[in-house]
Structure formats: C-alpha cells, structure tokens
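Peer 1: fold the following.
(one chain, ligands or ions: 2)
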Amino acid sequence: MTDPRDLVGALVTELPEWLPTQRWFAGKDRPVTAVRPLSTTVLLEGDPLLLHLVVEVEQDDRREPYQLLIGSQAHLPEYLGSSWIGTERGLPCYEAAGDADLTGTLLDLIVEDARIGSLRFAREPGAQVRGGLRARPVTAEQSNTSLVFGHHYILKLFRKLTPGENPDLRLHRALHGVGCTHIAELLGSITGDLGGEPATIGMLQKFVPDAVDGWAMATTSVRDLMADPELPPDEVGGDFAGEAQRLGQAVASVHSDLRRALGDEIADEGEFDRTVKAMRDRLDTVIRAVPALAEHATALRAAFDKVREARGPVSMQYIHGDLHLGQVLRTVTGWLLIDFEGEPAAPAAERVALRSPLRDVAGMLRSFDYAAHQMLIGQDGDPKLTERALEWARRNRSAFCDGYAKAAPDTVGDPRGHADLLRAFELDKAVYEVAYEHANRPEWLTVPLTSIARITAGGEQP
Ligand SMILES: Nc1ncnc2c1ncn2[C@@H]1O[C@H](COP(=O)(O)OP(=O)(O)O)[C@@H](O)[C@H]1O
Ligand SMILES: O=P(O)(O)O[C@H]1O[C@H](CO)[C@@H](O[C@H]2O[C@H](CO)[C@@H](O)[C@H](O)[C@H]2O)[C@H](O)[C@H]1O
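Peer 2: Ligands and ions are numbered 1, 2, ... in the order given. Alright, predicted model coming up:
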C-alpha cells in the first residue's frame, strides 16, 4: 500500500498549477513558485483514502498556509472527474470537498469530539449534532469552502489559514454567548496546528434552508422598479424599503450584542491620524493599479482628512468588517448576518482590531448603491433608468439608516449624525471596491468609480 506521505510528496508538485484555478485561492495576482506540505492527517484509510493537508504556498517572498482535502481511490467516479488534480503512484488524487461519500466523515468526527493527529474536532458546549449525513458543497462564489449536511448543518472550511482563533468563530461564539438572534447557531469547530499554535480550520453552524440572501432580494426589487418606470417606488410590487429598515435594525442589534459581549473603547487622538493615513495609503496603492481613480484623488483626500474633525467620543468595538448585501440572509424569522471574517484581502491584524461600527453601516450603504447601479451596466447612461437607480438607492439607504437608528448602540445612535465619518468610510470602501473590481470583475469597475464621482461632488447623503 502507498504511504500517504509519499503520495503527498508527489502531489504537491501538481499544486502550483492547480491552486490558481480554484475560486477560493486568494493569491491569483502572482505565480505560485512552490508548494510544501506542512502537515498531513489521514482521516480515512484504505481505498478510498481521505487526507487533510496543510500546505505552505510560496509566491516569491510571500508564504501562506492553505488547507486542502484530498481524496484518492483506484477508480475515480465520473462525477468527480472535474476535481482531479493528478495521478500519483498510479492513484488518481482529487479535491475531495465534492465527494459526498467522504466528507460526511468530517461531521462524524465533530459529533465524536475526535482528535486525530493535530486536528481537534469539537461540538460547542450543549450543542446537539447528529452524524451519518452526506454533504454537498455550496456552489456560490466563495472565499472558503462550505459543505451542507442534509438540511441541518453547514461546515465552513477556511482555506487560507491564520494562527489563532478565526474572527468568524470568535465573533459567532461571543454573539451566541449573549443570545444574539441575528446569527446562525454555532454548533462546532475544527482546530489544527500552525507552526505550534492552534488555528481554526472549520466552523459548524445550523443551516437555514429557507434563507435568501439580501443581494438576490435587493436586485429583484431594483428590477421591479425599473420594469415599472411610471409607478412610485412604494407602489411597486417588490419594494425593499421595509426589508432595508428591518435589516438596519438587525445590524444595529448585532453591534449592540458585540459591544455587550466583548466591550468597546473610545478612540484616542492618534486613532484618527492612523485611520486617515490608512485611507490615504490605500488610495495611493489603488491608484497605481487603476490610474483612472487619480482624477478623484484630491477630493477623496479632503473627505478622508475630515475624519480628524470627528466630534464627540467615537466608540471602537468588534464589527463585522465586510458587510454587504451578500452577507445577510433573510429567513422566515428575520435577517441573519454571516461571515464575520472581515475583508478577505485585509491583513490578519486588521481583521481582529476594534473599529467604528459606522464602517459596517458604510459597507451596507455601498451595497445599496451597488444593487441599484449594477443594473445600469451596459445601458449606455439611459437617464430615466439612472434616475430610477438613484431613487431606489436613496430610498433604501435612508430606510436602512432609520432601522439602524432604532436599535443602535447608544455610543453610535443615528449614523446620519456622523456625516463626515460615514462619508469617509463609504469612500474608503469604494476605493477598496475599485481594486476588487479591477482584479475580479473589470466590467463592474464603473460602479464604484461612478459612486466616488457622485459622492465627492456632494450628491449623496444617506
Ligand atoms: N447558516 C447558513 N444557512 C444557510 N446558508 C448559509 C449559512 N451560512 C452561509 N450560507 C450560504 O453559504 C454561502 C457562503 O457563506 P460565507 O460564510 O459567506 O462563506 P465565504 O467565507 O466562503 O464567503 C453564503 O453566501 C450563503 O448563501
Ligand atoms: O463576499 P466576500 O467576502 O468574498 O466579499 C468580496 O466580494 C464581494 C462580491 O462578491 C465584494 O462586494 C462588492 O460587490 C457586491 C455585489 O456583488 C456588493 O454588494 C458590495 O457592496 C461590494 O462591495 C466585496 O467588496 C469583496 O470583499
């Protein structure tokens, strides 16, 4: 029988080409120069074989750890053909996240609170979880890989690993601890080892089968408004304003719960300088990649500098960090927030820092703008449609703020009371989006660029 370590030794030579073809691989900006195994754990022995692998991916001077699930069996079923990575020692090896016959093992190990090698599978205290279920991967475009077990559980496998407790797990655990009703229940976790330190590699939550994400609902509503150009927005069938208001309330309630669970701090003088510097630095970096942004640089810097004039105490606390309409789910009982990992490209230190909750508000306001304006792509500036898009965005941004103000932490209150800060955070997010769209969806670049032009010209108030 082939020793799994020999198999892995051969397989890693295939990975420099294979990794960049994966949606979740975060290093598509440069070639992979080498891949080295850091740890190999046998989860299932024999044929089929299931291996858990942590590899170090080298890209010039950058080295980052990723986790992989590798399956291997003598006769690869046809439906797994597209997951094939290479044939080593005569055995086909493949990405096993899509193999429903193997991934059920991960849930069973959590149910057993098992330890295998350096991997520790655990249920949350008091959580009721049953095993023996098959899994299917979530097919949405994602930064990680999530597996759904029946209609019951969803297991997220974090792909790029960082030492310590992942903020997604930490914040879900803290929110669960204070009885937050706007998150999916946390049920378990998987912890591995990274250079001698524990690192979160998986998180198990209750799966909400009836959930629809906010982006799908919002864009349907925009389409309805555009399809009926003569009707006032509140008479259009798919009006979203009621939902936007409830969503604002849910976000505010999560902020209050995070503050209750983990505390807050009042920003010191130095904090404002650091924030402005970070915004200016990000702008400079993005202008190098997207020179078209340079024409807005003066106005953007002026808006960022206003952060220094922020009046009154500004509260800093744990926040979501990358909030947008794709990160919220509407269920029969209300809105849930998911994915508390922060911006995928942000450094780990930034993702665990205390920040103003207004950043999440700004992220969501940007998202309303996106939902409206992505409908205009390819419409050649039709003024009627543009006006309808603006109308939808204004109405829903304002409803969201109304809802937020109703349940806001008393350190924040109505977000519109911090207009300069909110505008600076919105513009900083839009600069981030310019970089994101440039790298991922160049045809969408006009969405953040047009917003920046409009906001800096003074044409946007929440
Ligand atoms: N508890 C849940 N119930 C139902 N669907 C969920 C749940 N959590 C996540 N999802 C679905 O899985 C997708 C990916 O989840 P997310 O946490 O955003 O992963 P990633 O970090 O890979 O972006 C979401 O867009 C959502 O559709
Ligand atoms: O969901 P992720 O954590 O991977 O976030 C990244 O991708 C998002 C797109 O999927 C991106 O969001 C931007 O586009 C959204 C519409 O697709 C829009 O609702 C957001 O407001 C906009 O920022 C996000 O910025 C990026 O980090």
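Peer 1: where does the prediction get shaky in the stretch 101-250 of the chain?
Peer 2: Within the stretch 101-250 of the chain, the stretches with pLDDT under 70 are 141.
Peer 1: show me what from it comes close to ligand 2.
Peer 2: Ser143, Trp215 (C-beta under 6 Å from any ligand atom). All C-beta atoms are positioned from the backbone trio N, CA, C, and that covers glycine.
Peer 1: and the strands in the stretch 101-250 of the chain?
Peer 2: Remark: strands assigned in the stretch 101-250 of the chain by DSSP state E, counting those that start in this stretch are 115-116, 119-123, 135-137, 145-149, 153-157, 186-194, 197-206, 212-213.
Peer 1: any chance of those strands in a markdown table, plus distance to Leu358 and mean neighbour count?
Peer 2: As requested, those are exported to a markdown table (distance: least, C-beta to C-beta, whole Å; neighbours: other C-beta atoms under 10 Å):
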| stretch | distance to Leu358 | mean neighbour count |
| --- | --- | --- |
| strand 115-116 | 43 | 12 |
| strand 119-123 | 35 | 19 |
| strand 135-137 | 35 | 18 |
| strand 145-149 | 29 | 22 |
| strand 153-157 | 27 | 23 |
| strand 186-194 | 26 | 22 |
| strand 197-206 | 27 | 21 |
| strand 212-213 | 23 | 14 |
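Peer 1: with distance to Ala348 added, can I get these in a markdown table?
Peer 2: Listed next are the strands of the stretch 101-250 of the chain as a markdown table, based on distance: least, C-beta to C-beta, whole Å:
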| stretch | distance to Ala348 |
| --- | --- |
| strand 115-116 | 26 |
| strand 119-123 | 21 |
| strand 135-137 | 26 |
| strand 145-149 | 20 |
| strand 153-157 | 17 |
| strand 186-194 | 11 |
| strand 197-206 | 11 |
| strand 212-213 | 26 |
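Peer 1: show me the one of these that comes nearest Val352.
Peer 2: Judged by C-beta to C-beta, the one of the strands of the stretch 101-250 of the chain that comes nearest to Val352 is strand 197-206, at 12.2 Å.
Peer 1: just want the angle from the closest one to strand 186-194.
Peer 2: 160 degrees (axes from the mean of the first three to the mean of the last three C-alpha atoms, to 10 degrees).
Peer 1: what's the closest of the strands of the stretch 101-250 of the chain to Met375?
Peer 2: Met375 sits nearest to strand 212-213 of all the strands of the stretch 101-250 of the chain, at 17.1 Å, using C-beta to C-beta.
Peer 1: helices or strands next to the closest one in the packing?
Peer 2: Helices and strands touching strand 212-213, by 3 or more C-beta pairs under 8 Å, 6 or more residues apart in numbering; DSSP states H and E, are strand 328-331.
Peer 1: next, give phi and psi for the spatially most central residue of the chain.
Peer 2: Geometric centre of the chain, nearest residue: Asp339, 5.1 Å, by C-alpha atoms, centre = their mean. Per-residue torsions, Asp339: phi 60, psi 70 (degrees, to the nearest 10).
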